[in-house]
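S.K.: Take a look and give me a structure for this.
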Amino acid sequence: MVDPEVTVNGKRTAIGAVPVHTTALDWLRGQGLTSCKEGCAEGECGACAILVARPGVESPTDLVAINACLAPVGSLDGQEVWTAEGLGSTADLHPVQHEMAVRGGSQCGYCTPGFVCSMAAEYYRSDRDATGDDHAPNGFDIHALSGNLCRCTGYRPIRDAAHALGAPPAEDPLAQRRTCRAPEPVATRLHDDGRDYLRPSGWAEALRLRHDRPNATFVAGSTDWGVEVNIRGVRADCVVAIDRVPELQVLDIGADTIEIGAGLSLTEMDRRLDGRVPLLSQLIPQFASRLIRNAATLGGNLGTGSPIGDSAPVLLALGASVVLSSVDGEREVPLDEYFTGYRQSVRRDDELIRSVRIPLPLAGTTAFHKVAKRRFDDISSVAVAFALDIEDGLVRTARIGLGGVAATPIRAKDTEAALVGQSWNEETVRAAAEILRGEGTPMDDYRASAAYRAATLGRSLLKLHADSLEGARA
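M.R.: Residues are numbered from 1 along each chain as shown. As a prediction, the model looks like this:
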């Protein structure tokens, strides 16, 4: 195992002797790369955004923007990273920097480097086109900036800068970089003050570490763990990173199932599925921001056991199961039997989530409704996912996943029973909506009252029915 190092702006740099909980943000600033800023320290403002090289979907390498405030510096070992300083200089601005400058996209400048990095990631996206609802004629998806906040400029000039960008010229160094493979993950060990940060060489070693060090904290994208470290000051004696383990990067579409590796980022999953699972396609734009989705994983979202994790209601509606692995073998557990209590599950201390399996065929009528204080980049107050098969006007099957209304994500089984075998009409739906209002044990908190949550549940089924009729008329 070689000494950890990272290539930053084209220069190989040793990580050196640092505390194992040092974030990529703090390490980069320690290197004098102060374009990276700390705004919120929990992945909501984007001031810390940087670019990393990842295995590509449409090209050998994708340049992906992530939150440096959440990523442990150890996760950069063997990787390539670019900060705003590496994109251009005052004498030779990068096209993104140029457009931000000439169109007035910056005032105080604190957030600007983060915007530049997120905008550059979209600038270099190889499958950028103008077909999306929120895409400009140049193909720029403005939601690429949804995790970046500005409090001075206002977003119109920033949007104008994004919409003015053309395609990267052929001689652009980073455009050329996409044609070569991204760095492979490397085995890593950082040790300081009795604590370890480890990246195993493969899945077998990860399982051995899970067996031998049951108290170790296993992380993938660190989008949840990073907040614990930054905001709550949590420190673990051993952190094991499994985000780039090849065995967790799979996405296999078979005749009977779709299998999604627990370590595949949500962005990679979405691009590789390419709309094959419409319910997941509805989830993704509402799951945090692209900066978060570029790192977050299904395995991590389910592993936390949070009752407000947005993926769980969708996967419950899809009838998904989780594959749990240990040194002794594997077992498959239906997701509706996985959660046992608040942030608790049937997963044993020696097990890791290897993948999520979705059975085929998929239901024909699906929808994901998320209610939150903000449309994007927010925690849900209530999340509802529907998957119904409706044939000849009758509901043949129904699965409804709920989040935010109980100590765990749950299925609305009483509502499902009230729908199956019934006509898909207003009378049936209104009766079932009353049942849905009483599912779970919603509570009052700062996001919503119990009464509001119950009302939202009932309205969600009425909306699904109305939308299905509108779709049938279209």
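S.K.: what helix or strand is residue 400 on?
M.R.: strand 394-403 (DSSP states H and E).
S.K.: Now do the helix or strand that that strand is followed by: which elements does it pack against?
M.R.: Scanning forward in sequence from strand 394-403 by DSSP H and E, the next helix or strand is strand 410-411. When contacts are defined as 3 or more Cβ pairs under 8 Å, 6 or more residues apart in numbering; DSSP states H and E, strand 410-411 packs onto strand 394-403. To be clear about C-beta, it is placed using only N, CA and C from the backbone, and glycine gets the same treatment.
S.K.: contact partners of the strand it packs on?
M.R.: Identification of contacts with strand 394-403 by Cβ atoms under 8 Å, 6 or more residues apart in numbering yields 307-310, 312-319, 363, 380, 382-390, 409-412, 415-416, 419-424, 428, 436, 439-440, 457.
S.K.: Likewise for stretch 218-229?
M.R.: With Cβ under 8 Å, 6+ apart, stretch 218-229 has contacts from 21, 23, 41-43, 67, 69-72, 75, 206, 210, 217, 234-235, 239-243, 248, 262-263, 265, 288, 292, 295-297, 299-300, 303-304, 306, 352.
S.K.: measure stretch 308-326 end to end?
M.R.: End-to-end span of stretch 308-326 (Cα to Cα, to the nearest Å): 27 Å.
S.K.: How about stretch 175-186?
M.R.: End residues of stretch 175-186 are separated by 25 Å (Cα to Cα).
S.K.: Buried residues, it. List them.
M.R.: For stretch 175-186, burial by neighbour count (16 or more other Cβ atoms under 10 Å) applies to 175, 177-178, 182-183, 185.
S.K.: next one: stretch 37-55 to chain centre, how far?
M.R.: 13 Å (Cα atoms, centre = their mean, to the nearest Å).
S.K.: pLDDT averaged over that stretch - what is it?
M.R.: Regarding stretch 37-55, the rounded mean pLDDT is 96.
S.K.: farthest residue from the center of the chain?
M.R.: Relative to the mean C-alpha coordinate of the chain, counting by Cα atoms, centre = their mean, the farthest residue is residue 427 (38.2 Å).
S.K.: picking up where we left off before, mark which of the contacts of stretch 218-229 are buried, thanks.
M.R.: If we count by 16+ other Cβ under 10 Å, those have these buried: 21, 23, 41-43, 67, 69-72, 75, 206, 210, 217, 239-243, 248, 262-263, 265, 288, 292, 295-297, 299-300, 303-304, 306, 352.
S.K.: would you list the buried residues of stretch 175-186 in a markdown table and tack on distance to residue 165 and pLDDT?
M.R.: Converted to a markdown table, those look like this (distance: Cβ to Cβ, whole Å; pLDDT from 0 to 100):
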| residue | distance to residue 165 | pLDDT |
| --- | --- | --- |
| 175 | 13 | 96 |
| 177 | 18 | 96 |
| 178 | 16 | 95 |
| 182 | 23 | 96 |
| 183 | 27 | 95 |
| 185 | 31 | 91 |
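S.K.: Count residues in the vicinity of residue 156, would you?
M.R.: If you count neighbours by other Cβ atoms under 10 Å, residue 156 ends up with 11.
S.K.: Just say helix, strand or coil for it.
M.R.: Under DSSP: H, G, I helix; E, B strand; the rest coil, residue 156 falls in the helix class.
S.K.: who touches it in this structure?
M.R.: Here residue 156 is in contact with no residue (Cβ under 8 Å, 6+ apart).
S.K.: what's the answer for residue 108, then?
M.R.: residue 152 are the contacts of residue 108 under Cβ under 8 Å, 6+ apart.
S.K.: repeat that with 10 Å
M.R.: 150-153 (Cβ atoms under 10 Å, 6 or more residues apart in numbering).
S.K.: Out of those, who's the most crowded?
M.R.: Sorting the contacts of residue 108 by how many neighbours each has (other Cβ under 10 Å) puts residue 150 first, at 22 neighbours.
S.K.: coming back round to it: please compute how far the strand holding residue 400 lies from its chain's middle.
M.R.: Offset of strand 394-403 from its chain centre (Cα atoms, centre = their mean): 25 Å.
S.K.: Flag every buried residue along it.
M.R.: 395, 397-403.
S.K.: so what's the most centrally placed residue in the chain up against?
M.R.: With distances taken as Cα atoms, centre = their mean, residue 293 lies nearest the centre of the chain, 2.7 Å away. Residue 293 makes contacts with 64, 66, 146-147, 221, 223, 265-270, 284-285, 287, as judged by Cβ under 10 Å, 6+ apart.
S.K.: And these, which is closest to residue 200?
M.R.: residue 221 (16.4 Å; Cβ to Cβ).
S.K.: From residue 427, how far out is the closest residue to that closest one other than its chain neighbours?
M.R.: Closest residue to residue 221 apart from its sequence neighbours, by Cβ to Cβ, 6 or more residues apart in numbering: residue 295 at 3.3 Å. As judged by Cβ to Cβ, to the nearest Å, residue 295 and residue 427 stand 46 Å apart.
S.K.: Ok, residue 249 next?
M.R.: 48 Å.
S.K.: ok, now residue 9?
M.R.: Where residue 427 is concerned, residue 9 sits at a distance of 64 Å (Cβ to Cβ).
S.K.: what's the nearest residue to residue 201 if we skip its chain neighbours?
M.R.: For residue 201, the spatially nearest residue (Cβ to Cβ, 6+ apart) is residue 187, at 4.2 Å.
S.K.: wait, the one you found sits on residue 197?
M.R.: No - if you go by Cβ atoms under 10 Å, residue 187 and residue 197 don't touch, sitting 11.7 Å apart.
S.K.: ok, back up a step: ok, the residue nearest to residue 201 - contacts?
M.R.: 1-2, 4, 77-78, 198-202, 205.
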